[in-house]
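Undergrad: Structure for the following, please:
(one chain, ligands or ions: 1)
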Amino acid sequence: MSRNTQLFERACQTIPGGVNSPVRAFRSVGGTPRFIKRAQGPYIWDAEDTQYIDYVGSWGPAILGHAHPEVVRVVQETAVHGLSFGAPTEGEIEIAEAIAARLPSIKKVRLVSSGTESTMSAIRLARGFTGRSKIIKFEGCYHGHADSLLVKAGSGMLTFGNPTSAGVPPEFIKHTLVLDYNKLDAVEAAFKEHGQDIACIIVEPIAGNMNLIKPVPGFLEGLRALCTQYGALLIFDEVMTGFRAGPQGVQGLTGVTPDLTTLAKVIGGGMPVGAFGGRADIMDHIAPLGDVYQAGTLSGNPVAVAAGLVTLKLLAEPGFYEQLSEQNRKLTEGLAQRATAAGIEMCTDYVGGMFGLYFCGSVPTSFDEVSTCNTERFKKFFHGMLNRGVYFAPSAFEAGFISGTHDDAVIQATLDAAEEVFATL
Ligand SMILES: *Cc1c(COP(=O)(O)O)cnc(C)c1O
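TA: Predicted coordinates for the structure are as follows:
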């Protein structure tokens with residue numbers, strides 16, 4: 001029995017499903033998850049010392065490549081001075097200043113330890129600030145696993161949704177309206193009917209949790225205008241796209257300014273850090289200044305903050321994002337060309353350090369459209385690539401990620417493997 005299989009069987013004895021986050025279990029592609037022993041730059045190695053080119057990047061954080069020497073050095077140096085104090089530190093000011101300096105919409109920011117915490121807190125703040133209860137989210141966008149966000153659309157437009165998890169009482173999601181991504185008409189209709197009760201819209205301004213789906217022109221601008229008109233807040237969930245899609249997230253790319261932004265992933269450089277921030281008049285409603293309660297024992301953890309801060313510093317080096325998206329272009333165009341040459345219906349899209357691979361005829365713009373892609377073909381592609389030492393996300397509904405260490409040789413090795421795999425599909 002292989003070492004990965006041994007470890008997986010052992011894990012399943014004491015960890016539900018053998019994993020601490022469901023997608024890691026390979027359920028949607030089948031097979032045995034690889035247990036990872038170490039990682040460096042664009043590579044990861046599993047328990048059998050098999051090397052893979054990694055396009056998951058810890059689901060986004062590893063934008064500098066794994067175990068960047070500067071980040072590792074800072075973590076080690078910081079850890080020597082103590083792991084956590086439960087009292088304020090200078091590093092927290094520095095990272096707050098670094099975030100506020102780069103994201104135009106953020107004047108004040110509060111640190112938490114995960115993306116889930118950041119979206120949950122931002123929504124509570126939006127409700128506290130507006131005194132309203134209802135929220136709008138979009139089908140296929142993921143905002144962490146808080147109760148009120150685990151909901152899918154009901155049968156008709158403007159009906160309230162159904163929980164997507166057992167353990168979420170219907171009462172807990174009765175204030176959540178679920179609408180189709182990129183369909184502004186439905187948002188307008190929702191505001192016409194419920195406008196005075198809607199606290200906020202939460203949206204992935206470029207969606208990365210239903211594969212990669214970009215907003216159509218006018219969608220984000222329309223959300224902004226409707227929120228302003230009806231006195232609701234616009235929350236950009238940039239947990240994935242923040243410092244990943246571009247140096248100032250999607251707000252920098254589009255010029256659309258949200259009232260609140262949620263962050264995590266890249267800003268922790270691989271350590272648990274999340275954040276939410278925005279307009280000062282809104283942020284001042286959080287405790288201890290205001291009456292919206294929010295807290296965390298390990299919030300602003302000094303070692304995690306140090307890793308995030310040095311990551312943000314390294315990302316500010318001139319040309320980093322230009323180079324990143326150039327490599328991403330070579331990867332995604334190269335994959336699409338090879339698929340076409342092999343007669344495989346497949347297309348790709350990318351932005352900054354994120355990409356999408358779609359086994360369908362044209363780049364999708366909504367959850368419904370992406371759901372029509374050929375998942376059986378994706379599974380075969382995934383395993384073919386894995387067998388050739390290339391690790392893509394084990395699901396057809398996740399974005400892919402590249403890092404600053406995915407150089408030409410790494411991309412070429414990926415394209416060579418893909419050419420072989422496409423010939424077998
Ligand atoms: C990953 C993700 C989250 C949840 O973050 P966790 O740190 O896993 O809790 C929320 N929103 C978006 C857009 C994400 O990609």
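
Undergrad: which residues does the residue in the stretch 1-150 of the chain that the ligand sits nearest to contact?
TA: Closest contact between the stretch 1-150 of the chain and the ligand, by CB to the nearest ligand atom, is at residue 115 (2.1 Å). Using the backbone N, CA and C atoms, a C-beta is placed for each residue, glycine as well. Contacts for residue 115 (CB atoms under 8 Å, 6 or more residues apart in numbering) come out as 143, 144, 237, 239, 262, 263, 264, 265, 274.

Undergrad: Same list, the residues you listed, but as JSON lines with secondary structure and pLDDT please.
TA: Formatted as JSON lines, the contacts of residue 115 follow (DSSP: H, G, I helix; E, B strand; the rest coil; pLDDT from 0 to 100):
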{"residue": "143", "secondary structure": "coil", "pLDDT": "97"}
{"residue": "144", "secondary structure": "coil", "pLDDT": "96"}
{"residue": "237", "secondary structure": "strand", "pLDDT": "98"}
{"residue": "239", "secondary structure": "coil", "pLDDT": "98"}
{"residue": "262", "secondary structure": "strand", "pLDDT": "98"}
{"residue": "263", "secondary structure": "strand", "pLDDT": "98"}
{"residue": "264", "secondary structure": "coil", "pLDDT": "98"}
{"residue": "265", "secondary structure": "helix", "pLDDT": "98"}
{"residue": "274", "secondary structure": "strand", "pLDDT": "98"}
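
Undergrad: In those, which residue is surrounded by the most others?
TA: Neighbour count (other CB atoms under 10 Å) singles out residue 237 as the most crowded of the contacts of residue 115, with 33 neighbours.

Undergrad: List the contacts of residue 62.
TA: Residue 62 sits in contact with 39, 54, 270, 401, 403, where contact means CB under 8 Å, 6+ apart.

Undergrad: Name the nearest of those residues relative to residue 354.
TA: The closest of the contacts of residue 62 to residue 354 turns out to be residue 401 (CB to CB; 6.1 Å).

Undergrad: Would you mind measuring from the nearest residue to that closest one once chain neighbours are set aside to residue 106?
TA: Closest residue to residue 401 apart from its sequence neighbours, by CB to CB, 6 or more residues apart in numbering: residue 57 at 3.9 Å. Separation of residue 57 from residue 106 (CB to CB, to the nearest Å) stands at 24 Å.

Undergrad: Next, give phi and psi for the residue of the stretch 1-150 of the chain closest to the ligand.
TA: phi -70, psi -40 (degrees, to the nearest 10).

Undergrad: Residue 267 is in contact with residue 239, correct?
TA: No: Residue 239 is not in contact with residue 267 according to CB atoms under 8 Å; the separation is 9.1 Å.

Undergrad: hey, what's in contact with both of the two?
TA: residue 274.

Undergrad: touching the ligand at all, stretch 204-218?
TA: Yes: using CB under 6 Å from any ligand atom, stretch 204-218 reaches the ligand at 204, 208, 209.

Undergrad: Can you name the element that comes right after the helix or strand of the chain with the lowest mean pLDDT?
TA: Every helix and strand of the chain was ranked by mean pLDDT, DSSP states H and E. The lowest is strand 162-163, at a mean of 89. Along the chain past strand 162-163, the next helix or strand (assigned with DSSP states H and E) turns out to be strand 176-179.

Undergrad: Give me the buried positions along whatever helix or strand comes next after that next one.
TA: Later in the chain than strand 176-179, the nearest helix or strand by DSSP H and E is helix 184-194. For helix 184-194, a neighbour-count test (16 or more other CB atoms under 10 Å) marks 184, 186, 187, 188, 190, 191, 194 as buried.

Undergrad: gap between helix 184-194 and the chain center?
TA: 27 Å (CA atoms, centre = their mean, to the nearest Å).

Undergrad: CA-only coordinates of the helix or strand following it, as CSV, when you get a sec.
TA: The element immediately downstream of helix 184-194 (helix or strand, assigned by DSSP H and E) is strand 198-203. Provided in CSV are the C-alpha atoms of strand 198-203 (Å, rounded to 0.1, in the frame of the first residue of the first chain):
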residue,chain,number,x,y,z
ILE,A,198,-31.3,45.4,2.7
ALA,A,199,-28.2,46.0,4.8
CYS,A,200,-25.7,44.9,2.3
ILE,A,201,-24.6,43.1,-0.8
ILE,A,202,-21.7,40.7,-0.4
VAL,A,203,-20.0,39.7,-3.6
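
Undergrad: between strand 198-203 and helix 184-194, how many degrees?
TA: Angle of strand 198-203 versus helix 184-194, following axes from the mean of the first three to the mean of the last three CA atoms, to 10 degrees, is 160 degrees.
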